[in-house]
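Visitor: Dropping the sequence and predicted coords here.
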Amino acid sequence: MQLQQLTYFVAVAEVRHFTQAAELLRVAQPSLSKQIRALEAELNVSLFSRARGNITLTPAGEALLPLAKRILADVETARLEVQELAGLRRGRVRLGATPSLCAGLLGDVLRRFHDAYPGIQLMVEEGGSRDLVRELTRGSLDLALVILPLHGDPPLETVPILREYLVVASPEGPHTRAANMPRRSPLRIEDLRDRPLVMFRSGYDLREATINACRAAGFEPTFAVEGGEMDAVLRFVEAGLGIAVVPSMVLAGRPGLRGTPLVFADKADDQRGSGLLRTIALAHRKDVEPTHAARAFRDVLESFLIEAGLAGSLPAGVETLVH
């Protein structure tokens, strides 16, 4: 089995067309087809169904695809790691982060890293924590900022770095009365009963956290609208469609929204109640040592959090766990 064969296989699997795959790879179509046939002969299986010109993956092809992608990703990582030995003048960091971090802290961290290592290519993927865990496990990312605890026991190493409190986002201005939100805080989880919620799409840990907290309080949440990304959810709340449970840091710079803390307490005015919070960790695969560039990014991130924590400049509701 050759890397070239796996590259050709993945290309055909993604576009479902031999000629188009050959064009993307800038190789002759007969050569690509020959290598695919050689791979199938070596594995003694058919990887593609070619009925009536429609290219689909066979069960064997479906099984091979994620493994082939992971192998090719690891080879590319190894190539870059060798190049980085020249002193971090070249390289790449593929980072995954949740939308709240992309909108909050990450910009300042990336700027500091870029200033220190201008030759390192930065690639950021924004998504829900579960989506990022999946991509990190597949080898599509080097590092990811994810939410603990992880689901399904993926083969990842995690280091907690931040704790952030969740708040109820509600409209400030003409839609405030429609949201029927009290001015005094905090709120109990039970206060969300029968209030229309703007809910994230599947794959966001915030969706699961909100639903689970409501169920633990003995009720099913009511959705006004669901399926949005972070920006869409916040915009829907501003428009008065409902309220949403979000990290406090995403409300910075949004004068049309206000955040009310959530607590687990017997009384809504109990300021000593336990707040609804989540822990953010920096994760990487256990079976692959982070590249030099990834380790450099981790050092810059930790230094930034330590300095911000000491200076008291972290966003409201965010605490550093790095010391």
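Guide: That came through, no problem.

Visitor: Pull out the buried positions in stretch 295-305.
Guide: By neighbour count on 16 or more other CB atoms under 10 Å, the buried set for stretch 295-305 is 295-298, 300-302, 304-305. Every C-beta, even on glycine, is put in place using the N, C-alpha and C of the backbone.

Visitor: Apologies, that question was intended for stretch 42-52.
Guide: 47-48.

Visitor: would you put the C-alpha positions of that stretch in CSV?
Guide: Extracted in CSV, the C-alpha atoms of stretch 42-52 (Å, rounded to 0.1, in the frame of the first residue of the first chain):
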residue,chain,number,x,y,z
GLU,A,42,-3.7,-5.6,-2.8
LEU,A,43,-6.6,-5.3,-0.3
ASN,A,44,-8.6,-7.9,-2.3
VAL,A,45,-11.7,-5.8,-2.1
SER,A,46,-13.6,-3.3,-4.2
LEU,A,47,-13.5,0.2,-2.8
PHE,A,48,-15.9,1.8,-5.2
SER,A,49,-19.2,0.8,-6.8
ARG,A,50,-19.2,2.0,-10.4
ALA,A,51,-22.7,1.1,-11.4
ARG,A,52,-24.0,3.2,-14.3
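
Visitor: and A283, what does it touch?
Guide: 133, 136, 143-146, 150, 156-159 (CB atoms under 8 Å, 6 or more residues apart in numbering).

Visitor: can these go into a markdown table with extra columns for pLDDT and secondary structure?
Guide: Formatted as a markdown table, those follow (pLDDT from 0 to 100; DSSP: H, G, I helix; E, B strand; the rest coil):
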| residue | pLDDT | secondary structure |
| --- | --- | --- |
| V133 | 94 | helix |
| L136 | 94 | helix |
| L143 | 96 | strand |
| A144 | 97 | strand |
| L145 | 96 | strand |
| V146 | 95 | strand |
| L150 | 91 | coil |
| L156 | 95 | strand |
| E157 | 95 | strand |
| T158 | 96 | strand |
| V159 | 96 | strand |
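
Visitor: Could you give me the ChimeraX syntax to select whichever of those residues are buried?
Guide: Buried residues among these (16+ other CB under 10 Å), as a ChimeraX selection:
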select :133,136,143,144,145,146,150,156,158
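
Visitor: related to what we said a few turns ago, just put the buried residues of stretch 295-305 in CSV and tack on secondary structure.
Guide: As requested, these are arranged in CSV below (DSSP: H, G, I helix; E, B strand; the rest coil):
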residue, secondary structure
R295, helix
A296, helix
F297, helix
R298, helix
V300, helix
L301, helix
E302, helix
F304, helix
L305, helix
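
Visitor: ok now stretch 278-286, how far from the chain's centre?
Guide: Relative to its chain's centre, stretch 278-286 lies at 11 Å (CA atoms, centre = their mean, to the nearest Å).
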